[in-house]
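Participant: A predicted structure for the sequence below; I have some questions about it.
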Amino acid sequence: MKNTFGQSVAVTLFGESHGPAVGAVIDGLAPGIPVDEGFIAEQLKKRRPAGKISTARIEEDKFEILSGVFNGRTTGTPITIVIPNENVKSGDYSDISRLARPGHADYTANLKYHGFEDYRGGGHFSGRITAALVAVGAIAISALRAKGIKIGTHISSCAGITDREFSDLDTEIDLLNSLDFAVLDPEIAAAMTEKIEAAASEGDSVGGVLETAVLGFPAGVGEPFFDGVESVLAHALFSVPAVKGVSFGSGFALAEMRGSTANDQFEAVGDKIITKTNRAGGINGGITNGMPLLFRCAIKPTPSIFKSQNTVDYIKRENAVLQLKGRHDPAIIHRARVVIDSVAAVALCDLLAQRLGTDGITEDRRGI
């Protein structure tokens with residue numbers, strides 16, 4: 001029963017939605033990486049609920065770093081971050097403790113843990129756990145940024161409303177990272193928000209697609225087959241509870257193209273080799289080619305809705321009707337984008353460390 005991702009840089013998650021705290025341990029980061037607690041707080045703020053389009057459960061996320069950081073830099077030993085849970089209402093789940101909420105892991109968790117699982121708010125399967133991913137991801141993002149690598153995600157589509165495509169990654173990534181509702185077209189934000197609020201008024205929810213770009217990641221990273229960049233990133237991205245699909249570059253659209261269109265033709269520009277298009281998303285044969293990494297994640301509608309749904313009592317093995325109460329998001333896509341940035345950063349740090357060694361993701365090598 002494992003809760004750890006990564007080989008050279010590894011993250012272990014702990015905690016439950018309504019337990020005392022959630023947190024993470026990140027091991028394998030090189031010593032000397034700056035740890036900006038203000039930046040961690042900023043990243044956690046992006047994940048927090050925002051008005052009518054989010055849950056009413058608002059946590060302050062006052063994190064504490066217990067180990068692995070000294071005088072503002074990583075020591076090279078495991079970093080432990082703990083985030084207390086404060087705004088919990090466990091009574092909302094007492095009447096439905098044996099009912100399988102459609103779209104949730106209640107039934108499968110009961111099978112896996114033989115009935116000893118913490119069912120409150122989804123327990124260890126809750127999106128609340130992603131707060132810990134954002135906290136450790138902020139450190140990974142800072143480490144990548146120091147090497148000239150930056151990550152940005154926009155809401156490509158939500159509830160049938162589509163944002164414009166990337167055109168100038170360098171400036172657009174910076175723009176997205178400054179926004180609470182990450183879209184490239186400011187007029188689209190209002191239209192998406194209206195759709196989310198409409199679903200909320202009907203006791204329902206909506207999903208969408210997030211598109212992520214990574215700029216500055218070096219060529220030659222990744223392994224063929226099992227540990228290719230797509231394989232490692234997809235492994236990490238699917239750890240986010242809401243993600244139900246991942247594609248790279250043009251993704252499924254490639255299936256409808258001819259090879260003459262799908263292929264990215266190479267070009268030499270000075271001493272640099274690039275591709276004229278980037279339908280492969282910056283990856284060939286599982287290995288980065290130096291072009292921007294591009295991938296998309298399908299985010300499902302929030303499964304906790306206020307409409308009556310058919311289900312089962314999985315203890316009595318009887319049919320039942322579920323009517324939820326409590327505090328739930330009509331959409332989580334706007335909160336999920338910082339989680340996607342965070343898990344991607346951890347995975348990319350792991351890939352870099354495997355290629356360059358653990359000291360390869362820090363520039364501060366005193367005495368070496």
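Facilitator: Noted; the coordinates are in hand.

Participant: what sits against the closest residue to Pro78 other than its chain neighbours?
Facilitator: Excluding the flanking residues, the one nearest Pro78 by C-beta to C-beta, 6 or more residues apart in numbering is Asp27, at 4.3 Å. For glycine as for every other residue, the C-beta is placed from the backbone atoms N, C-alpha and C. Applying C-beta atoms under 8 Å, 6 or more residues apart in numbering to Asp27 gives the contacts 9-12, 77-79.

Participant: Is Asp27 bridged to anything, and to what?
Facilitator: Counting by DSSP bridges, Asp27 is bridged to Ala10.

Participant: average pLDDT for the helix or strand hosting Met192?
Facilitator: Assigned by DSSP states H and E, Met192 belongs to helix 186-201. Confidence for helix 186-201, expressed as mean pLDDT, is 93.

Participant: got the buried residues for that helix?
Facilitator: For helix 186-201, a neighbour-count test (16 or more other C-beta atoms under 10 Å) marks 188-189, 191-193, 195-196, 199-200 as buried.

Participant: Let me know whether Thr277 touches Asp264 as I believe.
Facilitator: Yes. In this structure, Thr277 is within contact of Asp264 by C-beta atoms under 8 Å, at 4.8 Å.

Participant: Compare the two and say which one has the larger neighbour count.
Facilitator: Comparing Thr277 with Asp264 by other C-beta atoms under 10 Å, the one with more neighbours is Asp264, at 19 against 14.

Participant: Surely the more buried one is within a helix?
Facilitator: No. Asp264 sits outside any helix when classified using DSSP: H, G, I helix; E, B strand; the rest coil, being coil.

Participant: Tell me who's in contact with Gly191.
Facilitator: To be clear, residue 191 is Ala; Gly isn't right here. When contacts are counted by C-beta under 8 Å, 6+ apart, Ala191 is found next to Ile161.

Participant: low-confidence ranges in the stretch 101-250 of the chain?
Facilitator: Within the stretch 101-250 of the chain, no stretch has pLDDT under 70.

Participant: Please, where are all the helices along it?
Facilitator: 106-113, 130-146, 169-177, 186-201, 229-237 (DSSP state H, counting those that start in this stretch).

Participant: Let me have these in TSV, adding distance to Asp163 as columns.
Facilitator: Converted to TSV, those look like this (distance: least, C-beta to C-beta, whole Å):
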stretch	distance to Asp163
helix 106-113	34
helix 130-146	22
helix 169-177	10
helix 186-201	5
helix 229-237	19
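
Participant: Quick check: which of the ones you listed is buried the most?
Facilitator: Of these, the one with the most neighbours on average (mean count of other C-beta atoms under 10 Å) is helix 130-146, at a mean of 25.

Participant: now that helix, how far from the chain's geometric center?
Facilitator: 11 Å (C-alpha atoms, centre = their mean, to the nearest Å).

Participant: Helix 169-177 and that one, what's the angle between them?
Facilitator: For helix 130-146 against helix 169-177, the angle by axes from the mean of the first three to the mean of the last three C-alpha atoms, to 10 degrees is 150 degrees.

Participant: and Ala10, how far is that from Gly68?
Facilitator: 13 Å (C-beta to C-beta, to the nearest Å).

Participant: Need the residues touching each of those two.
Facilitator: By C-beta under 8 Å, 6+ apart, the residues touching both Ala10 and Gly68 are Ile26.

Participant: which stretches of the stretch 151-300 of the chain form strands?
Facilitator: For the stretch 151-300 of the chain, the strands defined by DSSP state E, counting those that start in this stretch cover 161-162, 208-215, 243-248, 266-269, 272-275, 283-284, 287-288, 293-299.

Participant: Any chance of the ones you listed in a markdown table with mean neighbour count as columns?
Facilitator: Shown next, in a markdown table, are the strands of the stretch 151-300 of the chain (neighbours: other C-beta atoms under 10 Å):
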| stretch | mean neighbour count |
| --- | --- |
| strand 161-162 | 18 |
| strand 208-215 | 23 |
| strand 243-248 | 17 |
| strand 266-269 | 9 |
| strand 272-275 | 14 |
| strand 283-284 | 20 |
| strand 287-288 | 20 |
| strand 293-299 | 24 |
